[in-house]
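Asker: sharing a model that was predicted from the sequence below.
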Amino acid sequence: MKNSSLIINSLLNDLDQMFQGKASAAFTGNYIIENWGQHKFTQGTWTQAIQEKKSQLKILNKALKNKVYFAGEIYDVYRQMGVPGAILSG
């Protein structure tokens, strides 16, 4: 991605403001920028959570063998379909 350094610098600036410069200080220079629309099994980032019942979403929230946990907008029972739901689910 040709603008990746611009993206990384922008993110580091935002995080530095939130965490008193600690993001840049801790940044190793290694990063991965994902394009979820290009992945075979995701093919994008849109969910249909609004069509699911809360009881079904509660099942999705259960960890697998206490080792694998899921987060994202679909996993918040009350605020799906947006950034608040994704943040709260994490």
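Answerer: Thanks, I have it.

Asker: tell me the centre residue of this structure?
Answerer: Gly72 (5.9 Å; Cα atoms, centre = their mean).

Asker: check it and give its pLDDT.
Answerer: We have a pLDDT of 72 for Gly72.

Asker: got phi/psi on it?
Answerer: Dihedral pair for Gly72: phi 150, psi 170, per degrees, to the nearest 10.

Asker: can you tell me how far Asn35 is from Glu73?
Answerer: 18 Å (Cβ to Cβ, to the nearest Å). In this view, the C-beta of every residue, glycine as well, is placed from N, C-alpha and C.

Asker: which one's more surrounded, the two?
Answerer: Glu73 (20 against 9; other Cβ atoms under 10 Å).

Asker: how close does that one sit to Asn13?
Answerer: Applying Cβ to Cβ to Glu73 and Asn13 gives a distance of 25 Å.

Asker: now the helix or strand harbouring Ile59: average pLDDT?
Answerer: Per DSSP states H and E: Ile59 is located in helix 54-60. The average pLDDT for helix 54-60 rounds to 76.

Asker: any buried residues in it, and which?
Answerer: When burial is assessed from 16 or more other Cβ atoms under 10 Å, helix 54-60 yields the following buried residues: Leu57.

Asker: which helices and strands does it pack with?
Answerer: The helices and strands touching helix 54-60, judged by 3 or more Cβ pairs under 8 Å, 6 or more residues apart in numbering; DSSP states H and E, number zero.

Asker: I'd like to know how far the residue nearest to the centre of the chain sits from Ile33.
Answerer: From Gly72 to Ile33 the distance is 18 Å (Cβ to Cβ).

Asker: repeat that for Ala26.
Answerer: 18 Å.

Asker: same question for Phe70.
Answerer: Counting by Cβ to Cβ, the gap from Phe70 to Ile33 is 22 Å.

Asker: comparing those two, which shows the higher neighbour count?
Answerer: Phe70 (13 against 10).

Asker: can you list phi and psi of the more buried one for me?
Answerer: According to degrees, to the nearest 10, Phe70 has phi -120, psi 150.
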